[in-house]
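Colleague: got a predicted model here, sequence first, then my questions.
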Amino acid sequence: MLRRITPSQIRLGMFIQKFEGGWLSHPFWRARFLLSDAEDLRKILDSDIDAVWIDDEKSAIAPARRERTPAPEISESVGDRIKNAREAAIRALPPPSRLQTDKRAAAQTVLRAKQVVKQVFDGIRMGKAVRSADVIAVVEDISASLAQNRSLLLGIARLKSKDEYTYLHSVAVCALMVNLAREIGLDDAAARDAGMAGLLHDVGKMVVAEAILNKPGPLTDHEFGEIQRHTVDGHALLKKGSAIPAAALDVCLNHHEKMDGTGYPHGLSGEEISLHARMGAICDVYDAMTSQRCYKAPLTPAETLTAMRSWEGHFDSALLFSFMRSLALFPPGMLVRLGTGHLAVVLPNGRRGSRVRVKAFYVIADGRFVDPFEVIISDTQTANQIMGEEDPAAWDLRGWPVLRETIMAEGTVDKSAAA
C-alpha cells in the first residue's frame, strides 16, 4: 500500500517509492529503494523535499497503526455478512514471510520493467525515438530491488520463455550491469548509466527481421550479417533519442567487441574497449546462454561461467572474475585464493541457492599443504571470501588436473608429488 508522509515521519526500514518533485529535485539518482542507511536518512531530512511516498508492502518495518472511528451499528444483509466473513478469514491468515514478500516484489519489478521495455521497443519499430525519461524509472526499480534481495531479482529475471526473450533479456542485462557496477565500486551515476546501457543495448534488433531473430536453425552468412548490424543500427537509433547517456551509446555499439580484437563492428581490442562495453559483453553473453532460446536449451549458470572462462581472448578476465563475485557463483574446479590466506578449489554447488563451497588445501604464508577442509564462502566476512583466481603453474602445483580431482573427491594430498 502506498501512502504519503512528510520527511519528518520517515524512518529507517521504510521503502521509498518516490519523492515529490521528480528524480532531479532530490539528492538521490534513484527514487525507489529501501532506506537502510542513516546517512541517506540525514540527506532526506536536510533536503527541501515536500513529501515522500512509502510502499508499506516493501518496507522492512510495519506501518504505524492508525486509530479508526468505529462504524455505526447497522443491520447487515446476507451479502454483507458473507463479505465480512470472507474479509475476516483473509485477515486471520498468517502474514507472508519476508522471503515471500521479497519474491512477490521482485516479480512485480520484473513484470513492470518488461512492460516498459516492450512499449519502448514497440515504439522504436514504429519510428519513435527513445527518451531517457521513459526508462529511468525501470533502472531505479531494478536498483532498489537488487538492494533488497539481489539473488531473488536475478533469479526471476533469468526465468524467461523464448517468446518473451527480447524484452526480458534487456531487463536481465540491466540488472546484471547494475549488480556488476556495484561489485567493482562504481559510483551511483556510473551504476545508473550501466543499468541504462544494459536496458538499451539491443535496441538495434528492433530493425532486424523477426524471421531471422527467431530462426531455429543455423543462420546463413547474409542473415548473420544482418544480425551483426544491430550494433550499428542501434547506436544510430539511440543517437536520435533524448538525453541518452554516452555509456548507453557506447555499450549498444561495442558490446560484441572482444579483448583479442576479433569482435565486431570495429575489431577493437584491449583498452580500446571501454569499461562499460566490457561489462556489457559479459552480462549480455551470460544472460543469453542461461536463457531458453528458439534454437537452444539454456545452460546452467555454472556451465555458462565455465564456458565463458574458457574462451581465451573474449572477455576481460579480471572483470569476468568480478562478475562471478557479483553473482556469488564460480565454476567448479577453479583454483582460488581465500581471505584466510589459503589456496582452495571451488566445489560443485549441488543444491540450488546454496552458498559457494570451496576446499582449502594450501597455506600461502608457509608454502605448505594441509589436509583439505571445506569452507563456506561468506558475503560479510572478509576472511571467508574468494579474493582472486590463481594460476596453478604460478604455485608449482604439479599434475594439477589430478591433484584438483583428488582434493574435490575428498582425498588426501600426496604432498611430495604435488610440490
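Modeller: Structure received. Computed from a predicted model, the values in this text were never measured in an experiment.

Colleague: tell me the buried residues in the longest strand seen in the chain?
Modeller: Within the chain, and with DSSP state E defining each element, the longest strand by residue count is strand 368-376. For strand 368-376, the buried set under the neighbour-count rule, 16 or more other C-beta atoms under 10 Å, comprises 369, 372, 375. For every residue, glycine as well, the C-beta is placed using N, CA and C.

Colleague: cool, stretch 292-300 as well?
Modeller: Within stretch 292-300, the residues that count as buried by 16+ other C-beta under 10 Å are 298-299.

Colleague: distance between the ends of it?
Modeller: End-to-end span of stretch 292-300 (C-alpha to C-alpha, to the nearest Å): 11 Å.

Colleague: any idea how far the closest residue to L305 other than its chain neighbours lies from L199?
Modeller: Computed as C-beta to C-beta, 6 or more residues apart in numbering, the closest residue to L305 that is not its neighbour in sequence is P331, at 5.0 Å. In this structure, P331 and L199 are 28 Å apart, going by C-beta to C-beta, to the nearest Å.

Colleague: who's more crowded, those two?
Modeller: Neighbour totals were compared for P331 and L199, and L199 leads with 29 against 20 (other C-beta atoms under 10 Å).

Colleague: for the more buried one, helix, strand, or coil?
Modeller: Classification of L199 by DSSP: H, G, I helix; E, B strand; the rest coil places it in helix.

Colleague: where does the closest residue to it other than its chain neighbours land on pLDDT?
Modeller: In space, not counting the residues next to it along the chain, L199 is nearest to C174; the distance is 4.1 Å by C-beta to C-beta, 6+ apart. According to the predicted model, the pLDDT of C174 comes to 96.

Colleague: same question for the one 10 residues further on.
Modeller: At I184, the model reports a pLDDT of 97.

Colleague: E312 now?
Modeller: The predicted local distance difference test score for E312 is 95.

Colleague: got it, and A302?
Modeller: Turning to A302, the model gives it a pLDDT of 91.

Colleague: isn't it right up against N349?
Modeller: Yes: with contact defined as C-beta atoms under 8 Å, A302 counts as touching N349 (6.3 Å).

Colleague: neighbour count: the two, which is higher?
Modeller: Neighbours per residue (other C-beta under 10 Å) separate A302 from N349, with N349 holding more: 19 against 16.

Colleague: ok, that one - contacts?
Modeller: Applying C-beta atoms under 8 Å, 6 or more residues apart in numbering to N349 gives the contacts 302, 329, 332, 356-357.

Colleague: identify, from those residues, the entry nearest to V52.
Modeller: Of all the contacts of N349, V52 sits closest to L329, with 36.0 Å by C-beta to C-beta.

Colleague: now the buried residues of strand 368-376 as CSV including pLDDT?
Modeller: As requested, the buried residues of strand 368-376 are arranged in CSV below (pLDDT from 0 to 100):
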residue, pLDDT
F369, 94
P372, 94
V375, 93
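
Colleague: L159: which of the residues you listed is nearest?
Modeller: Scanning the buried residues of strand 368-376 for proximity to L159, where the rule is C-beta to C-beta, the winner is V375, at 30.2 Å.

Colleague: so who does that closest one touch?
Modeller: 338, 340, 342, 344, 357-360, 384.

Colleague: and with 7 Å instead?
Modeller: By C-beta atoms under 7 Å, 6 or more residues apart in numbering, V375 lies in contact with 338, 344, 358, 360, 384.

Colleague: what is the nearest of those to Q148?
Modeller: Closest approach to Q148 among these (C-beta to C-beta): N384, at 23.9 Å.

Colleague: now the closest one: how far from F369?
Modeller: N384 sits 20 Å away from F369, taking C-beta to C-beta as the criterion.

Colleague: would you confirm that M177 belongs to a helix?
Modeller: Yes: in this structure, M177 lies within a helix as judged by three-state DSSP.

Colleague: which one is it nearest to, not counting chain neighbours?
Modeller: Excluding the flanking residues, the one nearest M177 by C-beta to C-beta, 6+ apart is G198, at 3.6 Å.

Colleague: quick one, what contacts the one you found?
Modeller: 173-174, 176-177, 280, 283.

Colleague: what is the burial count for the closest residue to A197 other than its chain neighbours?
Modeller: Once flanking residues are discounted, A197 sits nearest to V251: 3.7 Å by C-beta to C-beta, 6+ apart. Neighbour count for V251, taken as other C-beta under 10 Å: 34.

Colleague: same check on the one 5 residues further on?
Modeller: The number of residues packed around H256, counting by other C-beta under 10 Å, is 18.

Colleague: residue ranges with poor pLDDT in the chain?
Modeller: Judged against pLDDT under 70, the low-scoring parts of the chain cover residues 21-31, 48, 63-97, 350-354, 379-382, 411-419.

Colleague: would you map the strands across it?
Modeller: Using DSSP E, the strands found in the chain span residues 2-5, 15-19, 33-34, 52-55, 335-338, 342-346, 357-363, 368-376, 386-389.
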